[in-house]
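J.: The sequence and its predicted three-dimensional model are supplied below.
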2 protein chains.
Amino acid sequence: MARVVVDVMLKPEILDPQGRAVQGALGRLGVTGVADVRQGKQFVIEIDGEVTPELREQLHAIAGELLCNPVIEDFVLIVDEAQ
Amino acid sequence: MARVVVDVMLKPEILDPQGRAVQGALGRLGVTGVADVRQGKQFVIEIDGEVTPELREQLHAIAGELLCNPVIEDFVLIVDEAQ
């Protein structure tokens, strides 16, 4: 078993109202020193067997189209073989 | 600057229709060997200065109430000082 994690986050130049709301709430709850909060999505994909370079490439291509909106979002794909 | 990342994920026993939809789409796109997909949320909190143990504890308590629904979701809090 291996695990592939895809983190999808709004691009830095795109306004993130959810993150801004969390930042405001943290301030009201007395947390100081918060410079910024961004909210994103995380997909955890469990793979039977190992993640071959071909599978990784296939997942990378799909992540860039299916799991994120490349116009406004960036993503990172992390392979964790140690399952 | 430090970065605190809070990953929020549905508990394993809670049905995840979004993850299931992604799993189905991966299958239709020809990706084989996908055992499971779960979709969660990720909050990236940028902190001015360092994350003291008190701040970490404060953020941990708030994450468990504000950022996740503890009835159906689990969360992990990761501190990344290396910014």
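T.: Done, it's in. Owing to the predicted nature of the structure, the values given are computational and were not obtained by experimental measurement. Numbering: from 1, shown residues only, chains lettered A, B, ... in the order given.
J.: By residue count, which strand of chain A is the longest?
T.: strand A:34-47 (DSSP state E).
J.: The nearest residue in space to A:Val79 that is not next to it in sequence and A:Asp74, how far apart?
T.: Sequence neighbours aside, A:Val51 is the residue nearest to A:Val79 in space, at 5.0 Å (criterion: Cβ to Cβ, 6 or more residues apart in numbering or on different chains). Just so you know, the C-beta spots here come from the backbone N, C-alpha and C atoms, and that holds for glycine as well. Counting by Cβ to Cβ, to the nearest Å, the gap from A:Val51 to A:Asp74 is 21 Å.
J.: Over to A:Gly24?
T.: Per Cβ to Cβ, A:Gly24 is found 24 Å from A:Asp74.
J.: and those two? which has more neighbours close in?
T.: Neighbours were counted for A:Gly24 and for A:Asp74 using other Cβ atoms under 10 Å in any protein chain shown; A:Asp74 has more, 15 against 12.
J.: Local confidence estimate at that one?
T.: Looking at A:Asp74, its pLDDT is 97.
J.: Identify the bridge partners of the most centrally placed residue in chain A.
T.: Nearest residue to the geometric centre of chain A (Cα atoms, centre = their mean): A:Asp7, 1.7 Å. Note on A:Asp7: beta-bridge partners A:Gln42, A:Val76, judged by DSSP bridges.
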